[in-house]
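Peer 1: Based on what follows, work out the 3D shape:
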Amino acid sequence: MFVDTHAHLTDSAFDEDRDEVIKFSQECMVSKIITSGFNIPSSFDAIALANKFDGVYASIGVYPENIYEVGDDFESKFSSLAKEKKVVAFGEIGLQYTPDMPAKDKQIQIFLRQLVLADKLGLPVVIHCRDAYGDLLALLKENKNLLNNGGTMHCYGGSIEMAQMLIRLGLHISVGGVSTFKNAQRLKEVIKEIPLQHLLLETDCPYLTPHPFRGKRNSPAFIPTIAQNLADIKGITVDEVAKVTTQNAEEVFKLC
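Peer 2: Numbering: from 1, shown residues only. Below you'll find the model as predicted:
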């Protein structure tokens with residue numbers, strides 16, 4: 001059995017066949033899926049979907065691109081959502097310093113407020129980072145007291161040295177479809193050095209479809225492909241990858 005720790009099943013790409021995608025993924029041995037919100041409405045939608053299906057769980061939070069959508073009272077709204085029993089994480093939250101994103105200082109402000117809230121709610125965090133690893137690591141080091149519930153670096157793309165520092169802060173490293181790309185040799189080398197007990201599997205579907213299915217819509221059903229690639233990188237069996245990453249996910253997110 002496998003766990004997809006980061007999916008976007010509420011995305012419009014699944015509007016025509018969402019139920020069938022979930023059922024087929026479960027037939028492909030992906031027994032548990034965490035579908036992620038990126039703002040308040042999508043967090044509501046993630047919870048509704050999780051409540052509809054056994055084995056589907058929700059993560060709630062505000063993605064960097066969406067921080068201007070939330071008002072000053074977003075903590076109270078998310079505190080209410082977190083009472084839902086199938087909410088297992090806070091995220092995806094984080095920093096992204098690519099062009100056309102919100103101002104860095106505003107991103108940092110909202111990210112820190114969400115870290116505080118996640119800690120208060122007793123939830124692990126799901127962290128997104130793009131072109132901002134220096135600031136992210138500095139913030140996490142300064143606020144490591146807010147990481148008592150652990151979490152994961154979603155779609156990790158940093159160095160092995162950065163990964164080791166993040167692991168020491170109590171975070172896991174999430175491996176997705178990018179790790180299967182032919183031009184991802186640096187990422188493969190990083191993943192090879194990270195002990196399996198610190199790794200999780202994800203798809204980030206409908207995005208980042210793994211090789212050899214690139215060009216198609218991604219779905220949790222491709223987790224076994226990502227797992228086999230991870231097994232090949234590490235020179236171990238896919239059964240071992242399934243066993244350990246599933247245990248990791250169940251421990252981090254307290255999945256039942």
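Peer 1: which is the next helix or strand following the longest helix belonging to the chain?
Peer 2: Longest helix in the chain by number of residues (criterion: DSSP state H): helix 104-121. Where DSSP states H and E defines the elements, the next helix or strand beyond helix 104-121 is strand 125-130.
Peer 1: how about the strands in the stretch 151-256 of the chain?
Peer 2: Using DSSP state E, counting those that start in this stretch, the strands of the stretch 151-256 of the chain run over 151-153, 171-175, 199-201.
Peer 1: Make JSON lines out of those and add mean neighbour count.
Peer 2: (Each C-beta comes from the backbone N, C-alpha and C, glycine too.) Listed next are the strands of the stretch 151-256 of the chain as JSON lines, based on neighbours: other Cβ atoms under 10 Å:
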{"stretch": "strand 151-153", "mean neighbour count": "27"}
{"stretch": "strand 171-175", "mean neighbour count": "24"}
{"stretch": "strand 199-201", "mean neighbour count": "25"}
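Peer 1: Okay, the residue nearest to Q26 when sequence neighbours are not counted and A118: tell me how far apart.
Peer 2: In space, and not counting its chain neighbours, Q26 is closest to G55: 6.2 Å by Cβ to Cβ, 6 or more residues apart in numbering. Relative to A118, G55 is positioned 23 Å away (Cβ to Cβ, to the nearest Å).
Peer 1: Give me the more crowded residue out of those two.
Peer 2: More crowded of G55 and A118, by other Cβ atoms under 10 Å: A118, with 26 against 15.
Peer 1: my guess is the more buried one contacts N143, does it?
Peer 2: No - look at A118 against N143 with Cβ atoms under 8 Å: they stay out of range, at 11.0 Å.
Peer 1: if I look at these two, which residues touch both of them?
Peer 2: Common contact partners of A118 and N143 (Cβ atoms under 8 Å, 6 or more residues apart in numbering): none.
Peer 1: For F213, which residues are in contact?
Peer 2: F222, T225.
Peer 1: just D232 next, same as before
Peer 2: Applying Cβ under 8 Å, 6+ apart to D232 gives no contacts.
Peer 1: same question, N218
Peer 2: Counting by Cβ under 8 Å, 6+ apart, N218 touches G177, T203, D204, C205, P206, Y207, L208, T209, P210.
Peer 1: Please report how far the fourth one lies from L9.
Peer 2: It stands for C205. Taking Cβ to Cβ as the measure, C205 falls 7 Å from L9.
Peer 1: shared neighbours, those two?
Peer 2: Common contacts of C205 and L9 (Cβ under 8 Å, 6+ apart): P220.
Peer 1: on that earlier part again, what's the angle between the longest helix of the chain and strand 125-130?
Peer 2: 160 degrees (axes from the mean of the first three to the mean of the last three Cα atoms, to 10 degrees).
Peer 1: could you give me the average pLDDT of helix 104-121?
Peer 2: The average pLDDT for helix 104-121 rounds to 97.
Peer 1: tell me what it is packed against?
Peer 2: helix 74-81, strand 87-96, strand 125-130, helix 133-142 (3 or more Cβ pairs under 8 Å, 6 or more residues apart in numbering; DSSP states H and E).
Peer 1: rerun that using 10 Å as the cut-off
Peer 2: strand 56-60, helix 74-81, strand 87-96, strand 125-130, helix 133-142 (3 or more Cβ pairs under 10 Å, 6 or more residues apart in numbering; DSSP states H and E).
Peer 1: Adjacent strands (with direction) for the third one?
Peer 2: Just to be clear, that refers to strand 87-96. Using DSSP bridges, strand 87-96 pairs in its sheet with strand 56-60 (parallel), strand 125-130 (parallel).
Peer 1: For S79, which of the ones you listed is the nearest?
Peer 2: Nearest of the strands paired with strand 87-96 to S79, taken as Cβ to Cβ: strand 56-60 at 10.1 Å.
Peer 1: C-alpha coordinates for that closest one, PDB please?
Peer 2: Output of strand 56-60 as PDB, limited to C-alpha atoms (Å, rounded to 0.1, in the frame of the first residue of the first chain):
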ATOM      1  CA  VAL A  56      -9.000  10.600   1.700                       C
ATOM      2  CA  TYR A  57      -7.800  13.300   4.100                       C
ATOM      3  CA  ALA A  58      -7.500  17.100   3.900                       C
ATOM      4  CA  SER A  59      -4.800  19.700   4.400                       C
ATOM      5  CA  ILE A  60      -5.800  23.300   4.900                       C
END
